[in-house]
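**Q** this is the structure alone, sequence omitted:
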Ligand code: KG4
Ligand code: ZN
């Protein structure tokens, strides 16, 4: 721990937006503990997250996860100076468990309570790994639930949304294509592996919202449903003809289309907004083609690429504790105790209860 950080407030972060129960402790930019329990195994047989099952799993996992985090950090609950929780966006029942727990802990400890934005947390966590952020940068958050491009001037106070997906998230599109190709759920990593050795140019799959007129209106928005339909047509074509589906070529061409659109639109935003750094977060950042294409094209463009290790890209408590720590350091007003969860929390709102940048503008 750096000595300048040793006096910073100890922030407890709680994450329960989807199927991961995460509890972490951060002081300044130092991560002292990060413990995650996942209910994914309970959902796999249903081929998707079952919200009711996820909520119950959070309730069961929360106590043990909190205890494990305190033990890992070698601190007492009474040492905690502030409690941050992901208050949205996410599954309502899952969010409610974390928010109720956070309120109870903050009230019991008599410390400030902050309901923070899960998606912005995916960006914030990188500061624990790669250090303080530059004055202006982009955050690309890609997962099973989100595909969002954010312009961040201050992670605690000033985030604007440049674009998002109109339909499927990048990981969700991979999961659906995985199903089309007969691969297990969640399909993303399986499609990624299947793409190895495939020809990325075998099929000319569409790049969503990339034609000139779409680019004018939606320069930084994404759409993956047309791409998914195009993949389905190709797969059905082979099946109808009684031919074997060339899984590697389909997976590689599909992966290329998704990575190409994400990288192209992000670099365009860097150029237009004069930004030299991009932070990538979310579970989809594990995708090997996204990583290789981004590394290659960002270097050519002279743009710095920051991607934290994958355990900090999937949902975890560290991302919420990191954002909580930034918010506390910025002197943000704590959330009132009567806040509820917001499954559609706007991406311009860092802390629940505050006035959003969009409302001010
Ligand atoms: O962030 P995350 O763990 O959960 C949320 O959605 O919040 O992201 C999981 C998503 C799933 O859709 C999964 O299939 C996808 O990311 N994914 C991948 C890869 N690893 C995870 N998709 C493509 N390639 C991968 N290597
Ligand atoms: Zn997430």
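**A** Received the coordinates, thanks. Just so you know, these numbers come straight off a predicted model, no measurement behind them. Ligands and ions are numbered 1, 2, ... in the order given.
**Q** how about the residues of the stretch 101-250 of the chain by ligand 1?
**A** 143-145, 171-172, 174-175, 186-189, 192 (CB under 6 Å from any ligand atom). From N, CA and C alone the C-beta is placed, and that goes for glycine too.
**Q** inside helices: which ones of the residues you listed?
**A** Those of those mapping onto helices are 171-172, 174-175, 188-189, 192, per DSSP state H.
**Q** could I get these as TSV with distance to residue 32, pLDDT and neighbour count?
**A** TSV is the format used below for those (distance: CB to CB, whole Å; pLDDT from 0 to 100; neighbours: other CB atoms under 10 Å):
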residue	distance to residue 32	pLDDT	neighbour count
171	29	96	26
172	33	95	24
174	34	97	28
175	34	96	22
188	31	96	25
189	30	97	18
192	32	97	20
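**Q** from those residues, pick the one nearest residue 273.
**A** Nearest to residue 273 among those: residue 171, at 25.4 Å, using CB to CB.
**Q** excluding its backbone neighbours, what's nearest that closest one?
**A** residue 144 (3.8 Å; CB to CB, 6 or more residues apart in numbering).
**Q** pick out the most distant pair among the residues of the stretch 101-250 of the chain next to ligand 1.
**A** Using CB to CB, these span at most 17.9 Å, a distance reached by 145 and 192.
**Q** closest to residue 284 out of the residues of the stretch 101-250 of the chain next to ligand 1?
**A** Using CB to CB, these come closest to residue 284 at residue 171, 4.2 Å.
**Q** surely that closest one touches residue 185?
**A** No - look at residue 171 against residue 185 with CB atoms under 8 Å: they stay out of range, at 11.7 Å.
**Q** who touches both of those two?
**A** Residues touching both residue 171 and residue 185 (CB atoms under 8 Å, 6 or more residues apart in numbering): none.
**Q** pick out the residue closest to the middle of this structure.
**A** Using CA atoms, centre = their mean, the residue of the chain that lies closest to the mean C-alpha position is residue 282, 3.2 Å off.
**Q** could you dump the ones in helices among the residues of the stretch 101-250 of the chain next to ligand 1 to JSON lines with distance to residue 307?
**A** JSON lines is the format used below for those (distance: CB to CB, whole Å):
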{"residue": "171", "distance to residue 307": "15"}
{"residue": "172", "distance to residue 307": "20"}
{"residue": "174", "distance to residue 307": "17"}
{"residue": "175", "distance to residue 307": "21"}
{"residue": "188", "distance to residue 307": "16"}
{"residue": "189", "distance to residue 307": "16"}
{"residue": "192", "distance to residue 307": "15"}
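**Q** tell me the pLDDT of the residue of the stretch 1-150 of the chain found nearest ligand 2.
**A** Per CB to the ion, residue 143 is where the stretch 1-150 of the chain lies closest to ligand 2, at 4.7 Å. As predicted, residue 143 sits at a pLDDT of 93.
**Q** got the phi/psi numbers for it?
**A** Here is the backbone geometry of residue 143 (degrees, to the nearest 10): phi -160, psi -160.
**Q** also the one 10 residues further on?
**A** When quoted as degrees, to the nearest 10, the phi and psi of residue 153 stand at phi -100, psi -30.
**Q** so which strand or helix has the residue lying closest to residue 341 once chain neighbours are set aside?
**A** The shortest distance from residue 341 to any non-neighbouring residue, by CB to CB, 6+ apart, is to residue 95 (3.8 Å). Assigned by DSSP states H and E, residue 95 belongs to helix 92-109.
**Q** name the residues of that helix that are buried.
**A** Buried residues in helix 92-109, counted by 16 or more other CB atoms under 10 Å: 93-103, 105-106, 109.
**Q** show me the domain layout of the chain.
**A** 3-125+316-360, 131-310 (automatic domain parsing).
**Q** what residues does this structure put near ligand 2?
**A** 143, 315 (CB under 5 Å from the ion).
**Q** residue boundaries of the strands in the chain?
**A** 10-15, 20-27, 30-38, 82-88, 113-117, 137-142, 147-154, 158-164, 277-281, 304-306 (DSSP state E).
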